[in-house]
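Asker: Turn this into a model:
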Amino acid sequence: MNREIILRPYQKNCSDYIMKSERCVLALCPNGGKTEISIDAITRYLELFPNAKILVLAHSTNVLLNNYMDRLNSSNVPFTYSDKFDKDSNVHVCIPNNEDKIKGKYDFIIVDEAHENYLADRVQSIIKKTKPSKQLLLTGTPSKFIYEGNYDIFAIGLDELDEKYFAKLNIELVTSNYNLKETDYNKDQEVKNTFQYTIEDTEKTVESVVLSLIDRLESGLSAEQFNDPSLFTKFKVFFKNKKKEILTWNNTFKKVGKTLIVCNNTDQADLVCSILKRNDVNVVASHYRCDGGENIVNFKNNKHDVLVVVDRCRIGYDDSEVINLIDMSGTRNIDLIYQMMCRVIRGDQSITKYYMKVTTNDLVKMAADEICVNGALMLTNKDYLLKYNGRNFNDLKIPTLKLPRKIVNTNTKTVTTNKDNKPTRERTSIFPDITNDVFKLLKDIKHDLNNTTSIYKLTTISDAKRDLGLIKERKAKTYEEILAIARTMETVEE
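Answerer: As a prediction, this is how the structure comes out:
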């Protein structure tokens with residue numbers, strides 16, 4: 001059923017700004033409505049220039065082109081459009097690979113997922129050939145354009161939006177059997193293709209993920225209870241639910257909801273998929289060697305419980321029914337981590353979803369992954385979103401939360417109390433737990449980039465900073481300094 005595009009107030013502001021700009025980078029989080037805004041901009045532009053020709057360049061897969069076409073097909077738009085270069089259509093939608101089919105001049109070009117393809121030679125060649133007078137670049141992460149400079153960037157931070165548009169998000173780091181070294185990362189902090197994912201290490205890593213999922217299910221706790229540090233809460237529910245169902249891998253994935261697993265390369269994806277299939281999981285893989293798009297369609301139509309991908313679905317994927325995203329890519333790229341988190345925030349506050357990042361079993365590398373996850377959460381704030389250029393993370397302060405607590409030394413032990421003077425459990429690990437409803441907390445806690453005792457989320461990142469001495473010192477440290485302290489701690493523990 002077709003519907004009229006009705007913009008939310010902040011989306012109307014975006015559309016108004018776009019109409020005034022010749023080359024606008026619209027930086028807005030996934031589920032923020034970039035597609036709807038672009039369709040509104042097309043409508044308004046054609047009202048001013050009825051004979052104009054507009055080109056929409058989707059990302060370099062038909063999956064994202066189909067997403068854009070589906071949105072047009074489901075909307076009551078007052079213009080004609082085609083993905084077949086119909087001469088009578090005002091708007092043509094295609095992927096950059098169709099460069100040879102793109103003929104003549106276009107007045108207005110829209111580039112979707114622009115952080116991935118706008119600066120590519122093929123897209124730049126298309127722009128040079130078509131000579132548009134107006135450009136709109138859609139992205140959730142504008143760091144590349146900030147680094148390049150001379151772009152007109154209009155950004156809205158996720159923490160500016162009403163949480164009713166988003167699901168609750170839990171974040172969990174899961175230990176793996178992979179032993180990634182600093183030399184295994186490229187300059188963009190992504191794992192190099194030369195890294196070898198062995199069968200044994202991958203099997204043990206997938207097993208760790210499944211055990212974590214089973215632990216979540218068998219606890220019998222709600223998301224809020226599961227995140228409660230109180231052991232009393234967990235024991236109370238444990239004894240209430242003595243009889244527990246023995247969960248197979250197949251049952252586990254059926255119970256936890258639709259799951260997206262992101263891998264680093266196709267070999268790892270095929271390996272993960274084969275391991276899950278051996279354990280009777282209803283899983284399918286999607287990458288350039290095995291899927292033209294039908295596997296993704298089937299997953300969207302609930303024919304599979306798990307979809308294993310590499311690049312597909314990591315960017316521009318729209319499926320509000322996905323509950324879990326398991327990141328097995330090993331990436332420390334803050335932009336990519338943020339993009340993946342945002343794959344599982346579509347929905348509303350009645351739904352709880354999970355981003356699970358698979359990390360190593362090395363304390364220092366865990367700390368590095370934890371810092372990068374926290375950096376990704378910082379992108380939810382517009383000030384940070386407009387300062388981060390993909391390479392200056394060490395120059396930006398890593399905010400932490402000041403928890404009201406005091407430490408009382410006795411002859412035998414240390415007693416820690418909170419603001420209510422109630423004893424709290426002392427944590428010594430720098431490995432984080434799940435955090436409930438991150439995006440509500442980041443709005444409840446006022447963030448200030450100049451205040452190192454401020455943070456978006458209440459997680460054991462604060463315990464990590466306390467263990468590393470950062471909160472006590474109240475001094476901002478760089479990523480490298482934090483890792484140096486972590487290495488010192490590891491030496492002491494050994």
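
Asker: Flag every buried residue along the lengthiest helix in the chain.
Answerer: Longest helix of the chain, by residue count under DSSP state H: helix 199-218. If you call a residue buried by 16 or more other Cβ atoms under 10 Å, then helix 199-218 has these buried ones: 202-203, 205-206, 208-210, 212-214, 216. Bear in mind the C-beta positions are built from the backbone N, C-alpha and C, glycine included.

Asker: Centre of the chain to it, how far?
Answerer: Centre-to-centre, helix 199-218 and its host chain are 21 Å apart (Cα atoms, centre = their mean, to the nearest Å).

Asker: What separation do you get for the closest residue to residue 296 other than its chain neighbours and residue 310?
Answerer: Spatial nearest neighbour of residue 296, excluding adjacent residues (Cβ to Cβ, 6 or more residues apart in numbering): residue 286 at 5.2 Å. Look at residue 286 and residue 310: by Cβ to Cβ, to the nearest Å, they are 8 Å apart.

Asker: List the residues that contact the residue nearest to residue 345 when sequence neighbours are not counted.
Answerer: Of all residues not flanking residue 345 in the chain, residue 166 sits nearest, at 4.6 Å (Cβ to Cβ, 6+ apart). The neighbourhood of residue 166, defined by Cβ atoms under 8 Å, 6 or more residues apart in numbering, consists of 31, 158, 345-349, 439.

Asker: Dump these to CSV, plus pLDDT.
Answerer: Converted to CSV, these look like this (pLDDT from 0 to 100):
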residue, pLDDT
31, 74
158, 85
345, 84
346, 83
347, 83
348, 81
349, 78
439, 54
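
Asker: Neighbour-wise, give me the winner out of those residues.
Answerer: residue 158 (28 neighbours; other Cβ atoms under 10 Å).

Asker: on that earlier part again, so for residue 286 and residue 310, which sits in the more crowded spot?
Answerer: residue 286 (28 against 21).

Asker: So for stretch 256-271, mean pLDDT?
Answerer: What stretch 256-271 shows for mean pLDDT is 95.

Asker: Revised request: answer the last question for stretch 325-336.
Answerer: Stretch 325-336 comes out with an average pLDDT of 94.

Asker: With stretch 179-197 instead?
Answerer: 90.

Asker: I'd say residue 335 and residue 385 touch.
Answerer: No: at 10.2 Å, residue 335 and residue 385 do not qualify as touching, with contact defined as Cβ atoms under 8 Å.

Asker: which residues are in contact with both of these two?
Answerer: 141, 379.

Asker: out of these two, which sits in the more crowded spot?
Answerer: residue 385 (25 against 22).

Asker: Quick check, the more buried one in contact with residue 157.
Answerer: Yes: at 5.7 Å, residue 385 counts as touching residue 157 under the criterion of Cβ under 8 Å.

Asker: list the contacts for residue 38?
Answerer: Counting by Cβ under 8 Å, 6+ apart, residue 38 has contacts 26, 56, 110, 112, 136, 138.

Asker: before we move on, the earlier item: and the buried residues of helix 199-218 as TSV, adding pLDDT?
Answerer: TSV is the format used below for the buried residues of helix 199-218 (pLDDT from 0 to 100):
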residue	pLDDT
202	96
203	95
205	94
206	95
208	90
209	92
210	93
212	86
213	90
214	87
216	81
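
Asker: What is the nearest of these to residue 10?
Answerer: Distance to residue 10 across the buried residues of helix 199-218 (Cβ to Cβ) is lowest for residue 216, with 34.0 Å.

Asker: Would you agree the closest one is in contact with residue 255?
Answerer: No: Residue 216 is beyond contact range of residue 255, at 9.4 Å (criterion: Cβ under 8 Å).

Asker: what's the overlap in contacts for those two?
Answerer: Counting by Cβ under 8 Å, 6+ apart, nothing touches both residue 216 and residue 255.

Asker: before we move on, back to that, which two in the contacts of residue 38 are spaced the farthest apart?
Answerer: Most distant of those, by Cβ to Cβ, are 26 and 56, 13.6 Å apart.
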